[in-house]
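**Student:** model the structure of this input:
(chains A and B)
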Amino acid sequence: MKRRKFIQTSTAAAVGTPIMLNGLSLNVLPTKGFFKKMNPLNDKCLVIIQMLGGNDGLNMVIPIDQYDNLANARPNIILPENSLLDLNGLTGLHPAMTGLKGLYDNARLTVVHSAGYPSQNRSHFRSTDIWTSASAANEFVSSGWLGRYFDTKFPGYPNGYPNVENKNPVALTMSSLVSETCQGSASNFSLALTNPFSLSALNQGEDSEPPNTPYGDELRFLRQAIDQTNAYNDVITGAAKHGKNMVSYPNTSLGNQLKNVALLLAGGLHTKVFVCSIGGFDTHANQVDVNDTKVGNHANLLRTLSDAIAAFQEDLFQLGLEERVLGMTFSEFGRQIKSNFSDGTDHGTAAPMFLFGKCVSAGFVGENPEISANVQVQEGVPMQNDFRNIYGSIMRDWFEVEEEDVRELLFEDFEYYQVVDPCSSPGKFAGQAPIEAFDLNVFPNPVIDNAEAVFESFDEDARITLVDGRGAELRVLMEGRLYAGTHRVPVEASRLPRGNYYVRVQLEGRQQTKLFVKI
Amino acid sequence: MDRRATLATLLGKSNKTNKSENQDFAPPASGLDPYTGSWGFENAAHLLRRATFGPTVEQVKQSVQDGLNATVAKLLEDLPMPSPPVNYYYTNDPYTEIGSSWVDKGYVQGDSNLGQIRTSRFRSLRAWTMEQILTEGVNCREKMTLFWHNHFVTANEGEPLYVWNYINTLRENSLGNIKELVKKVTIDAAMLRYLNGNQNRKNAPNENYARELLELFTIGKGPLVRFGDYTNYTEDDIKESAKVLTGWIARFSNMYNEYYTKITEFIPNYHDTSSKSLSYRFNYAQIDNADDEEYKILIDTIFKKRECARFICRKLYRWFVYYKITPDVEADVIEPMSQILHGNGYNVKPALEALFKSQHFHDILNVGPMIRNPFDFVFGPMKASYYSEGLPTDLYARYLQLYNLYTSKLKFNLMQMEYFNHPDVAGWKAYYQEPSFYRIWINSATLPPRRDVRKYLLYASTSRGVPIESERLDVLKLASRLDNPTDPNDLIDELTRLLMPQPISPGQKTYLKELLIPGLPDYEWSIEYGQYLGNPDDKDLKNSIEGKLRILLNGILEMPESYLS
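**Tutor:** All right, here's what the predicted structure looks like:
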């Protein structure tokens, strides 16, 4: 299906308003050249923070308008309503996240609601593979989403790298294992770095041509790894020596990782991607302190995350580097809506992502998830935003990848969202949803046999699906081109088992889900 | 170039596309049929390098003499269990005197020294674990214990008695019956706590353990065929299995005033007594209430599936042979091996025996392509140099040295491989993460500690530069056990074929000889080594020979060829 895109954003005026002419939408996306002008050196980098273990998004970004139902579903762990850090009256942050609240207030934070993918896999390992490779749930892809992009930018890597034009490591993982996001077709583009000052040359003795066998193949890999560690040594330690940090960071693992990122950037390193991580989000038990749900394990994790990002952003500001850095968080899945008996939560479905930095389109992508009054066991938050759309939009806006190539690198049904703004206007922040919402209703609700999904569209392509409480796409209700106007799509529900379901309507650049109950 | 096609191949979809920068090699055509080729030093060394943490030159020679069958029999022989770890320094453990074992000693609730007692026991356990590896002999038990530790991951959970019970169970059953081992692990206290079995109760099932039991411990996850259906089992099977497993708890032993064996307990009130129904993936098996015996029925049901044997054989294959499982390997090795495993009721020995004796295992293409994990990398040269023979005999000094080796000197944490500290429940990534597998061990952060450990083992010194002989590799002993260390060419040949999987090039041998005797003719070494042999107490002679050997060994061990097995 070929789609035309238009921007849905409150800040679009700064870039170009979607123009409707005779019912036709004209695509007036900022061109590639536009971003080049903003940053002629193209020295932008992406800082990824992976939250390992499956983060309970509902305890991090709280839908205030769903509070009563949420409290009903997880009475033992719910945060007091008056403790939430209110962002816009509808959505609040965990009280430990004062740092990110500050970023939000300064238009440096985007909350991507309910990010995930269709038919969520609840295995840590498989789902991590999906998030790092950006494959579909039923597809096995062994390269990372950024690795594939780097394959197009740095052909032949690692043979012949570093070289005069590419002196810097392409990507750095700020821990001892390289990130799968940077796995390319031939090798991983990421070097692992724990201490930027401690590198020194490794010797490997006399060379000889390895035989053309599996043994020779691994030997060649080892030699290359040693060569590269040596070759990038000087540039990394040089940057570490020349760089400096302007603020003090919290003394946490993540704080130190981000501190090193800022240090290296300040010292002149031009690495495209930094991958940081923070572990411990697999909170099956004792997620909160039951005597005070504002504190406990998850609160500590969120504070660590929030404080580290806030220090990093302040450091970048003082170093004058804010316009070079975009940040993104993700976790392999969210957790179930209902809490368990162990004061924790089990593996679930979608969860929010954060984008941070001076250049984000601050505010929200999507809307609060809808929590039913009667949440079932195993029910997760349904996906609203396919994470590959966020990845793709970052590639397009931040790394200037042609949209056609984004489709090739990620997936054919890529939908562009404007997640990056020109970093120019400090007062741009409006605080409301930049992605235009639209009304979607299901009548009757609750449903006994048949219902209708009702919404309005332009003349545009649409895909309407029925999704169950665990996030599985049950069937496609309609797919094709719509006329402009109001639509009523039948939802045949007579044979569905009782429970909570969602209708998901995907239009061009927007989507919406609506909860209904089958009785 | 067609950019679209290029991008499509970059996606690396399916197993058809090769992810390596090099082309796919024709896999060894050999299967599980018995190996009938020649049996020399290289063959025996290959087997011992893979099935143990590394042989001495004498062990290799003995295996050559014994032959393949006898060597495999030795590797799989049931050894008596080692005597358990002892309290080696902590005088305030009221239950365990210095020199006696703590593994059957609980605590009294509220003991003021509890924290330090636990610390002392953990230290003792770590030191003891090191000792087991260094003194393993020609036997596969330690390698298999580590395999199961990586298969059934738990963390230490703060209680040394848990960890001891857990690792002792693995060691005791490491060459035994897998199905019975899974049953033991399922109600093991460390596991109950690690995967929340402890909190899995009738009215609020916690599915954490049930999920990993299926996904990681027994049958493995197949392709997602529809939502919640992973080919080998479904999400509902996880839910139902969790119900089967309700009722088991692990207590902290200090809740008792007495014996620790009550750590694991079945609480009937916590158990879901309803009938559980598995999906069509298990032929709709129904499991009726059987209280504390019920989990065994579930495990028996899972192990009836042939896929379970295949899944475990693939993991054994990646542990002992190579990471690439091509369709040919699947058909010619995994399939017959899994038949043996399944046909023998999941006794692991016959399957391992067939693997170790197979054409495939001894195929030259499988000699060398395994990147040594940090343990193999470090223990290989230590064992080759008879390290355990040089350890202090005094209990305190011996344990202290082993403990320091474990926690800091050998830098296992920086190289990303430690006992009782896995990255997560799936174990070390090198054994499952596509497409890099073993290559994950090697990167710019883990290479420098490999270098540092090598330097430490060869040149351990005090901060003032005084050599610490007892911590260094005994290069003189190593050389003395070779056939002809007096000839520099033979010396290099013998050392490299012991420590490296494949012959190195003549140019590399020349390079090594230059390290040993730079710019000198061969006979200079022969003369000097001969003089040393004639006057072993001459300090100057000994020092110069030893120094030369250290330089040579350092040169060998820093070659990337030494990173391979």
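**Student:** run through the chain and note the low-pLDDT ranges.
**Tutor:** You didn't say which chain, so I picked chain A. A:1-42, A:198-207, A:424-437 (pLDDT under 70).
**Student:** let me rephrase: I mean chain B.
**Tutor:** Using pLDDT under 70, chain B drops low at B:1-29, B:109-110, B:157, B:252-262.
**Student:** how about the strands of it, start to end?
**Tutor:** B:248-250, B:264-266, B:276-277, B:286-287 (DSSP state E).
**Student:** I'd like these as TSV, with mean neighbour count and distance to B:Ala384 appended.
**Tutor:** Any C-beta I mention is one placed from the backbone N, CA and C, and that applies to glycine too. Putting those into TSV (neighbours: other C-beta atoms under 10 Å in any protein chain shown; distance: least, C-beta to C-beta, whole Å) gives the following:
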stretch	mean neighbour count	distance to B:Ala384
strand B:248-250	22	41
strand B:264-266	17	41
strand B:276-277	18	53
strand B:286-287	16	51
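**Student:** which among those is found nearest to B:Asn543?
**Tutor:** Smallest distance to B:Asn543 across these (C-beta to C-beta): 55.4 Å, for strand B:248-250.
**Student:** ok, B:His267 - how many residues close by?
**Tutor:** Careful, residue B:267 is Ile and not His. 13 (other C-beta atoms under 10 Å in any protein chain shown).
**Student:** now do it against chain A, distance only.
**Tutor:** 14 Å (C-beta to the nearest C-beta, to the nearest Å).
**Student:** mind checking how far that residue is from B:Arg251?
**Tutor:** Taking C-beta to C-beta, to the nearest Å as the measure, B:Ile267 falls 10 Å from B:Arg251.
**Student:** of the strands of chain B, which approaches A:Arg481 most closely?
**Tutor:** strand B:276-277 (45.0 Å).
**Student:** tell me how far the closest one lies from the chain's centre.
**Tutor:** The chain centroid and the centroid of strand B:276-277 are separated by 37 Å, computed with C-alpha atoms, centre = their mean, to the nearest Å.
**Student:** mind giving me the packing neighbours of that strand?
**Tutor:** On a contact count with 3 or more C-beta pairs under 8 Å, 6 or more residues apart in numbering or on different chains; DSSP states H and E, strand B:276-277 meets helix B:235-244, strand B:286-287.
**Student:** let's go with 7 Å and repeat that
**Tutor:** Strand B:276-277 sits against helix B:235-244, with contacts defined as 3 or more C-beta pairs under 7 Å, 6 or more residues apart in numbering or on different chains; DSSP states H and E.
**Student:** which bits of the stretch 51-200 of chain A sit near chain B?
**Tutor:** Proximity of the stretch 51-200 of chain A to chain B, by C-beta under 7 Å from any C-beta of the partner chain, involves residues A:119, A:121, A:123-126, A:137-143, A:148, A:151, A:176-178, A:183, A:185-188, A:191-194, A:198-200.
**Student:** burial of the closest residue to chain B within the stretch 251-400 of chain A, as a residue count?
**Tutor:** In the stretch 251-400 of chain A, no residue comes nearer to chain B than A:Phe341, which is 2.6 Å away by C-beta to the nearest C-beta. Residues near A:Phe341, counting by other C-beta under 10 Å, number 15.
**Student:** what number of residues lie near the residue nearest to it when sequence neighbours are not counted?
**Tutor:** Leaving aside its chain neighbours, A:Phe341 sits nearest to B:Ala204 (2.6 Å; criterion: C-beta to C-beta, 6 or more residues apart in numbering or on different chains). Neighbour count for B:Ala204, taken as other C-beta under 10 Å: 15.
**Student:** B:Ala204 pairs with what?
**Tutor:** Counting by DSSP bridges, B:Ala204 forms beta bridges with B:Arg201.
**Student:** next one: it from A:Pro382, what distance?
**Tutor:** 23 Å.
**Student:** tell me where the stretch 301-450 of chain A has helices.
**Tutor:** A:387-398, A:403-409 (DSSP state H, counting those that start in this stretch).
**Student:** contact partners for the nearest residue to B:Asp483 once chain neighbours are set aside?
**Tutor:** Among residues not flanking B:Asp483 along the chain, B:Glu494 sits closest, at 6.3 Å (C-beta to C-beta, 6+ apart). Residues in contact with B:Glu494 (C-beta atoms under 7 Å, 6 or more residues apart in numbering or on different chains) are B:Val57, B:Leu482, B:Asp483.
**Student:** most neighbours, which of those?
**Tutor:** Of the contacts of B:Glu494, with other C-beta under 10 Å as the count, B:Val57 tops at 21 neighbours.
**Student:** ok, back up a step: tell me the spacing between the residue of the stretch 251-400 of chain A closest to chain B and B:Lys202.
**Tutor:** 9 Å.
**Student:** ok, now A:Cys423?
**Tutor:** 56 Å.
**Student:** re earlier: which of the residues of the stretch 51-200 of chain A next to chain B fall within strands?
**Tutor:** Those of these lying in strands (DSSP E): A:Leu191, A:Ala192.
**Student:** number of residues surrounding the nearest residue to B:Arg318 once chain neighbours are set aside?
**Tutor:** Nearest residue to B:Arg318, sequence neighbours excluded (C-beta to C-beta, 6+ apart): B:Tyr431, at 5.1 Å. By other C-beta under 10 Å, the residues close to B:Tyr431 number 18.
**Student:** and if you look at the one 4 residues further on?
**Tutor:** Residue crowding around B:Pro435 was assessed by other C-beta under 10 Å; the count is 21.
**Student:** now do B:Asn283
**Tutor:** Neighbours of B:Asn283 (other C-beta under 10 Å): 11.
**Student:** helix/strand/coil for A:Val503?
**Tutor:** In three-state terms, and counting by DSSP: H, G, I helix; E, B strand; the rest coil, A:Val503 is strand.
**Student:** could you check how far it is from chain B?
**Tutor:** 17 Å.
**Student:** please tell me how far B:Val321 sits from B:Ala51.
**Tutor:** Distance from B:Val321 to B:Ala51, by C-beta to C-beta: 11 Å.
**Student:** likewise for A:Ser135?
**Tutor:** Taking C-beta to C-beta, one finds A:Ser135 at 37 Å from B:Ala51.
**Student:** likewise A:Gly144?
**Tutor:** 35 Å.
**Student:** quick one: the helices in the stretch 1-150 of chain A?
**Tutor:** A:32-38, A:67-73, A:98-105, A:124-133, A:145-153.
**Student:** you'd agree B:Leu482 is up against B:Val57?
**Tutor:** Yes. Counting by C-beta atoms under 7 Å, B:Val57 is a contact partner of B:Leu482 at 6.1 Å.
**Student:** my read is that B:Arg49 contacts B:Leu564, right?
**Tutor:** No. Using C-beta under 7 Å, B:Arg49 is not in contact with B:Leu564; the gap is 9.8 Å.
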